[in-house]
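J.: For reference, the sequence and a predicted model appear below.
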Amino acid sequence: MPSTISVADAIAIRSGEPLIGSVRVDGSKNAALPLIAAATAVGRLTHLSNMPQCQDVRTMLDPLRLCGYSVARSVINPEEVVILPVCGAAPPADLAGAAAIRASYYLVPALLASNGRARLPWPGGCPVGERGMDLHFRVYEAFGDRVVLDGSGYHVVRAGERLPEVEIVLPFRSRGATVAAILRAVIERCCLTVTQPNVSPEVAEILAFLRAAGWQAFATEERLRLTPLHAGESAALAWEVPGDKVEAVTLACAVAVTRGSAQIKGVRAADVLPAMEMLAWLGIPAHASADTVTVHGQDTQLTGQPLRAVASLAPGGLDADFEPSLMALALGLRGVHLFADAINPGRHGNLIPQLARLGAAIEQLSATHCRITGPQRLTGAAVTANDIRSGSALLLAALAADGLTTVSGLAQLRRGHADLPGKLRRLGADITGEPA
Ligand SMILES: CC(=O)N[C@H]1[C@@H](OP(=O)(O)OP(=O)(O)OC[C@H]2O[C@@H](n3ccc(=O)[nH]c3=O)[C@H](O)[C@@H]2O)O[C@H](CO)[C@@H](O)[C@@H]1O
Ligand SMILES: C=C(OP(=O)(O)O)C(=O)O
């Protein structure tokens, strides 16, 4: 009997040898999407390199083209995207396709810049529960914009009057609303103060890009501050999308699940630190330095210490998108492990029933909190990826499950990763069926 099978729009994974070797992550989808928006907001020709070739990036670039921005991918290097500003008013366009991604909200400033108004469908993306826009609307209203809501979406009309300075106090550290405030100030060329900003690596990346574009931009835990210095310059800009921290942590957890040893390259150490500390706490030597994560899962002395992985928007907090991979890992580790994700309230509901098909017993303490008592033995079965991170967690669980697991719903996985199964395969995973 062959060791692998092929299934249409699904992949088949057979657990086997520990993952060994070296692999490079792609650019980060969640850093790339706001960087694309920032490139439009500065209104200068911008080369963005290390752009991941995942579906959400394509979905983000299409509406920009429809609104008059020139967007080109280099033929020689498809990971390089060039964005040119709009000259003159762009024609109104039907942007219904933007409903496929959550990050469509980052298009608002680009559209206000090109058309003076933005009409967008309600954001989609991962079906991980109710995800509000109220803070985004508060941001636009602080700039004097008019916001109108209807069943199919929202409409933002740019203020007639330019404010020299805008101050916004966020009630909680929303990443999306923080970026919305930054980009709105950029198209206005005005000063901005945000109290209680989100200071995740993705926001820090936008601020670094803006510094290169002639802005004074910095953020502390308390306050983010933006001032135009030489923002009127017109020289072309070049920026590299940082490596995908979520892909790196997913791969690190995959290596740990199989008790393998590998190097994961192309990611900034600081971006993965909270997750690496958790692996070390569990007794899996994991080290991040410069642009490489090293995991030594072989012959390791597991601690049996309980993992407490609570997704948080707080500075230095655990990114919600790390949590599903840590759950898959915890299933195989001795101890009582607690997980919580109130940021994406539907995520556990997407993932836990699928893990249960593999035989996992996970205690749901509430819709967003659960407890895993490990180690648990999993058995291969047919499972479905309901969102990006649930999909990657299922790949990891499949690597530990006895026998064969098929994972369908690959469209979700492809939204966030160019080819995650391919990267696992490069480390020796037995995976058949190519998500094209
Ligand atoms: C495309 C993208 O980069 N998505 C990421 C983004 O999602 P997302 O844009 O949802 O993240 P935010 O930090 O803005 O939102 C955090 C929470 O606040 C809620 N909220 C947000 C804004 C608002 O106006 N009202 C409101 O209620 C959201 O529903 C969510 O539950 O950051 C999350 C972590 O923060 C990540 O898990 C997502 O992968
Ligand atoms: C939840 C995610 O994406 P989005 O916010 O675009 O749905 C994600 O990247 O895991």
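T.: Sure thing, it's come through. Numbering: from 1, shown residues only. Ligands and ions are numbered 1, 2, ... in the order given.
J.: For the residue of the chain at minimum distance from ligand 2, which three-state class applies?
T.: Taking C-beta to the nearest ligand atom, ligand 2 has its nearest neighbour within the chain at Gly125, 2.6 Å off. (Glycine included, C-beta is placed from N, CA and C.) The three-state assignment at Gly125 reads coil, by DSSP: H, G, I helix; E, B strand; the rest coil.
J.: Kindly report the same for the one 3 residues further on.
T.: Here Val128 is recorded as coil under three-state DSSP.
J.: In contact with it, which residues are there?
T.: By C-beta atoms under 8 Å, 6 or more residues apart in numbering, Val128 lies in contact with 344-347, 350, 387.
J.: Repeat the analysis, applying 6 Å as the threshold.
T.: By C-beta atoms under 6 Å, 6 or more residues apart in numbering, Val128 lies in contact with 344, 346-347, 387.
J.: do you know how far it is from Leu331?
T.: 20 Å (C-beta to C-beta, to the nearest Å).
J.: that older thread, of the contacts of Val128, which ones also sit close to ligand 1?
T.: Among the contacts of Val128, the ones lying near ligand 1 by C-beta under 6 Å from any ligand atom are Asn344.
J.: before we move on, back to that, wait, isn't the residue of the chain closest to ligand 2 in contact with Arg102?
T.: Yes - Gly125 lies in contact with Arg102 (C-beta atoms under 6 Å); the separation is 3.0 Å.
J.: how many neighbours does Tyr69 have?
T.: As a burial measure, Tyr69 scores 22 neighbours (other C-beta atoms under 10 Å).
J.: For it, give its distance to Ser366.
T.: 43 Å.
J.: Excluding chain neighbours, give the residue nearest to Ala290 in space.
T.: Sequence neighbours aside, Ala269 is the residue nearest to Ala290 in space, at 6.3 Å (criterion: C-beta to C-beta, 6 or more residues apart in numbering).
J.: What number of residues are in the vicinity of that neighbour?
T.: 16.
J.: what do you get for Ala411?
T.: Neighbours around Ala411, by other C-beta under 10 Å: 12.
J.: Now do the helix or strand harbouring Thr373: which elements does it pack against?
T.: According to DSSP states H and E, Thr373 maps onto strand 369-374. Helices and strands touching strand 369-374, by 3 or more C-beta pairs under 6 Å, 6 or more residues apart in numbering; DSSP states H and E, are strand 335-340, strand 362-364.
J.: Wondering if the very next helix or strand once past the first one reaches ligand 2 at all.
T.: Elements were assigned by DSSP H and E; along the chain past strand 335-340, the next helix or strand is helix 347-357. No - between helix 347-357 and ligand 2, judged by C-beta under 6 Å from any ligand atom, nothing touches; the nearest distance is 8.0 Å.
J.: ok, which residues in the chain are in contact with ligand 1?
T.: 30, 33, 102-103, 131-136, 174-177, 198, 313, 320-321, 343-344.
J.: No further queries at this time; thank you.
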